[in-house]
Each structure stands twice: as C-alpha cells, then as structure tokens.
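[1] turn this into a structure:
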Amino acid sequence: MNAREERGLIIAATCRLNRLSNGTWLVPSQTRGGDIAAYQVNLEAKTCTCPDHVEGGFTCKHYFAASIVHKRDILPDGTIVETKTMTITEKKVYKQDWPKYNAAQATEKRRFRVLLHELCRRLPLRDRAGNTSGQNPHLPSDAVFTMAYKVYCGLSARRFSTDLLEAHEMGFVSKPIPGMKATTFAEDAYYTPILRELVGYSARPLRALERDFAIDSSGFGSTKYEKWYDHKYGITRNRCVWVKTHIASGVKTNVVTAVRILDKDAADAPQFVPLLKETRKHFTIGEVSADKAYASLENFEAVAECGGEAFIAFKNNTTGAIGGQFEKAFHYFKFNQDEYMAHYHKRSNVESTFSAIKRKFGADVVSKAPTAMVNEVLCKIICHNLTCLIQEQESLGIVPVFWKDEQECRKAFEPVVGSVC
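    Below is the predicted model:
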C-alpha cells in the first residue's frame, strides 16, 4: 500500500462521503475549504476533480477513498448500506449486601431504642430558675427520647402510650410518661437547640467514613394552611404552611451532619457557611457539592478555609471575574467539565437523604404549633441518623460511641442550655 492509498484509507475511515444520483462520489477536501470543499470522483471513468489527478494524472487519495467506501457500503445489487452509530450509557448499579441489610432491618427497632437512649441519657438537667415549687419537671433525656421515639413509631400520641410504657419498663425513661406528653415536649422551645446539636452528635460515629458532603434544602408539609392575597387575580387563596429545612449530608452513608430550619422564604446561599461550620465540628472536610443556588464567592472561600474543595454548579451568565476561589473553580469547570461534574454530581446524594427521611418518617409534620413543627423535623433527622448507624453497624461492624464520658456531654450542651434558660 503506497502513501496515496494510506491517505485514502484515512479519509474513508474519518470522513463522510456522499454518493450523487449520477453515480459519482463527493469526497471532502482535507486542505481546502470555501467553495471547493469536496471533489467529485467517478469510479467507472477513474477520474477526480482534484489537482493531483487533473494536473499530475495520478490515481489520487480521493479515488482510493471512494473505492473503499463503495466496496464497504454498497452491495453487489446496488443497494446502499447506511451505517448508524449508537452510544449506549451503561447504568451503574451498586450491589446491596442483602444478608446484612436484612439483619439491620429486622433488629432496627430494638437497637434504635438503645442508641437513642445512649445519645440523650447524659443531657444536663434543666435549670428551674429559682422555681422549686410544684412537681419536678421531666428530665431532658426523657423528653428528647419521648419526642424522637414517637416520630420513629409514627403513631398518634394516644396510641404511642403503649410503646412509651414498654420503654419505661426496659429502663429507657426514668418514670412512666403519658403518650400525650410527647406533644407538650415538642411545643417547648427549650428543646429546639438541644435537638439541633444532637443531629451532629448522632452522625459523629461515622466521621471516619465521611469526608465529602452535599448541601441542599427541602420542605416538609403540614396540615396547617394560611391565607394570602393574589394581587394578579384579586382573590384570596389558601396555601400550606411548610417547614423549610437546610441540611448537610454525607455522600457515602447519607447521614445528616448539620441542619438549619429557618423561615420558609429564607434564601439557600446564606445557609451554606453555617452548615459547613457545624459539619466541621465533628468531621474533616474534603469536598462539598451544591447546586447553583449556592454559587457565591463567600461559599467557595469558606470551603477552602476548611481545607476542602467546593464543587458548586455555575449559572449560565457566570464569568468568573469575581476572582478568588470562585474564579479558580470556574476555570476548572470550563477546562475540565467532565471531571468537575463528576465531583459535582455527588450532590445527588443529598436528594436521596431527603427522600429516605420522608419515605420512612413522613413527608409531612403532624404538629401545628410552629415550635413543635421544627422540633418534629429535627426528630425525623435524628431518627434517620440512628438508622444509618444501625445499617453501618452491620455493614462495617462499627460500635457507635456518642460520648467519651458525662463530662464531654455536659461541656457540649452547657452553652446550648444556658442560652435558652
């Protein structure tokens, strides 16, 4: 095979040749554009309109290319064979260890009570602020256990009384507590900061596994409605009151490492840094991914200060001219989009976290008081974290330890308790 035949083979393999109705072939030019972007080759007459054939009289590379395509794509009876290419994306499947999964699910309720009791049993006593008359208040450990256990059981306060009585008989609460008392505890704002802190401590046993995190927000609906005036149509409408929840979630175990529950109209981007700081208390920051609502210089810089790297989606009109870590990440995205997006798509795990919480513990809250609605969502997240721990106990053989001793628990919650007393 000479040089012209080799180049003809390359043209046939890399270019598209068109066959005209008169039997001639249009072969693309590799060196010329504009009006003369292709040459006409007649295989029967062995002619080509290229300079190499017209002026030199040689059998050119275009003729060889047309000959190869003719033999490859046209059958002896003159039928043209059209070749189509199809790209198939293989779905990545993660296998489930079913024996360990079944073992975790079959024993979850029994182990959940043990972990929940261990998580909250060392909470400091509530300051009565000089009011020593009347009956002694319930222990914070009993109140938190009652609220979270009720959310886990998913029963009404009356029907929950039996489960709560059994918990007392097993030693998980210090004294018998009526099921209706769970509603009273949930309406007490004193427990809100405690529950929020317990979210981080319930995830802490997995700190050796989680280094990459995803941040997002979602809403939990309720049975409560509010009226609002639609100025466009001049009528009054009703809309559901919902609890907007911002979380940071590990991308491996889907455990929630930090949570913020604010007004339902609160913007997403300002919650990024507080969630990051809460996560950093218990975890080492590697990567943090979030959608374009969180794309700001402050958020990129905050992740860099924690020793990690942010992978946040950019809006269409982003230029990167703002500078700093934002500009660095933007150029990384522009020049290595596939690699950047591979890191960014870890963000999908936070969607799975919200889905797991809502499917297992309900997408709505049954409470109607604003404080109770927030506390109920916090209890859902704590329950989710404990179920993640139970699964990892089976999968990895870990032993969850929340507190080294009572002194550590007291030190962790004294600032929280003191701020609400």
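
[2] what secondary structure does the residue nearest to A258 when sequence neighbours are not counted sit in?
    Using CB to CB, 6 or more residues apart in numbering and skipping the chain neighbours, the partner closest in space to A258 is E278 (3.5 Å). Using the backbone N, CA and C atoms, a C-beta is placed for each residue, glycine as well. Taking DSSP: H, G, I helix; E, B strand; the rest coil as the rule, one finds E278 in the helix state.

[3] ditto for the one 4 residues further on
    Under three-state DSSP, H282 falls in the coil class.

[4] my read is that I312 contacts K292, right?
    Yes - contact between I312 and K292 holds when scored by CB atoms under 8 Å: they sit 7.0 Å apart.

[5] more neighbours: which of these two?
    I312 (26 against 14; other CB atoms under 10 Å).

[6] for the more buried one, what are its contacts?
    V288, S289, A290, D291, K292, Y294, A295, N299, F300, A329, Y344 (CB atoms under 8 Å, 6 or more residues apart in numbering).

[7] contacts only, for the second one.
    Put plainly, it is S289. Here S289 is in contact with 212-215, 251, 310-312, 343-347 (criterion: CB under 8 Å, 6+ apart).

[8] next one: phi and psi at L43?
    The phi/psi pair for L43 (degrees, to the nearest 10) reads phi -70, psi -30.

[9] measure D265 to K244 for me?
    8 Å (CB to CB, to the nearest Å).

[10] report how many residues lie close to H282.
    16.

[11] the contacts of S289 in strands, which ones?
    D212, F213, A214, I215, A310, F311, I312 (DSSP state E).

[12] possible to save the residues you listed as TSV with pLDDT and distance to S202?
    Listed next are the ones in strands among the contacts of S289 as TSV, based on pLDDT from 0 to 100; distance: CB to CB, whole Å:
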residue	pLDDT	distance to S202
D212	97	19
F213	98	16
A214	98	18
I215	98	18
A310	97	25
F311	97	26
I312	97	27
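
[13] between those, which is nearest S29?
    Using CB to CB, F311 is the member of the ones in strands among the contacts of S289 that lies nearest S29, at 43.8 Å.

[14] so how far is S217 from that closest one?
    Taken as CB to CB, the span from F311 to S217 is 18 Å.

[15] export the contacts of I312 to a markdown table and tack on secondary structure, pLDDT and distance to S29?
    Shown next, in a markdown table, are those (DSSP: H, G, I helix; E, B strand; the rest coil; pLDDT from 0 to 100; distance: CB to CB, whole Å):
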| residue | secondary structure | pLDDT | distance to S29 |
| --- | --- | --- | --- |
| V288 | strand | 98 | 51 |
| S289 | strand | 97 | 47 |
| A290 | strand | 97 | 49 |
| D291 | coil | 95 | 47 |
| K292 | helix | 94 | 44 |
| Y294 | helix | 96 | 50 |
| A295 | coil | 95 | 45 |
| N299 | helix | 97 | 51 |
| F300 | helix | 97 | 48 |
| A329 | helix | 94 | 42 |
| Y344 | helix | 96 | 42 |
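
[16] are any of those residues buried, and if so which?
    Neighbour counting by 16 or more other CB atoms under 10 Å classes V288, S289, A290, D291, Y294, A295, N299, F300, A329, Y344 among the contacts of I312 as buried.

[17] pipe those into a markdown table and attach distance to C383 per row.
    Listed next are the buried ones among the contacts of I312 as a markdown table, based on distance: CB to CB, whole Å:
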| residue | distance to C383 |
| --- | --- |
| V288 | 25 |
| S289 | 25 |
| A290 | 25 |
| D291 | 26 |
| Y294 | 27 |
| A295 | 32 |
| N299 | 29 |
| F300 | 33 |
| A329 | 35 |
| Y344 | 29 |
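
[18] between the residues you listed, which is nearest G221?
    Nearest to G221 among these, with distances taken as CB to CB, is D291, at 21.5 Å.

[19] for P274, see how far away the residue lying closest to that closest one once chain neighbours are set aside is.
    Spatial nearest neighbour of D291, excluding adjacent residues (CB to CB, 6+ apart): A313 at 5.3 Å. Look at A313 and P274: by CB to CB, they are 20 Å apart.

[20] tell me which of the two has more neighbours.
    The neighbour count for A313 versus P274, taken as other CB under 10 Å, is higher for A313 (18 against 15).

[21] surely the more buried one touches K292?
    Yes - the pair A313 / K292 is scored as a contact, 4.1 Å apart, by CB under 8 Å.

[22] average pLDDT across stretch 164-177?
    Model confidence over stretch 164-177, given as mean pLDDT, is 95.

[23] list the buried residues of it.
    Here stretch 164-177 shows L164, A167, F172, V173, I177 as buried, counting by 16+ other CB under 10 Å.

[24] endpoint to endpoint, it covers what distance?
    Length of stretch 164-177, first residue to last, CA to CA, to the nearest Å: 7 Å.

[25] now it, how far from the centre of its chain.
    Centroid displacement of stretch 164-177 relative to its chain, using CA atoms, centre = their mean, to the nearest Å, is 37 Å.

[26] same question, stretch 326-340
    With CA atoms, centre = their mean, you get 20 Å for stretch 326-340.

[27] helices along the stretch 1-150 of the chain, start to end?
    3-14, 51-54, 61-73, 98-106, 108-120, 140-153 (DSSP state H, counting those that start in this stretch).

[28] what residues does stretch 362-375 touch?
    With CB under 8 Å, 6+ apart as the criterion, stretch 362-375 contacts 147, 154, 183, 185-189, 191-192, 195, 220-224, 241, 243, 261, 376-377, 380.

[29] kindly report the same for stretch 267-286.
    200-201, 203-204, 207, 210-213, 215-217, 246-248, 250, 257-260, 262, 288, 290, 293-296, 298-299, 302-303, 306-309.

[30] wait, C15 touches W25, no?
    No - in this structure, C15 is not within contact of W25 by CB under 8 Å, at 11.3 Å.

[31] quick one: which of these two has more around it?
    The residue with more neighbours, out of C15 and W25, is W25; 22 against 14, by other CB under 10 Å.

[32] contacting residues around the residue nearest to that one when sequence neighbours are not counted?
    Sequence neighbours aside, A66 is the residue nearest to W25 in space, at 4.0 Å (criterion: CB to CB, 6+ apart). By CB under 8 Å, 6+ apart, the contact set of A66 is L17, W25, V27, V41, L43.
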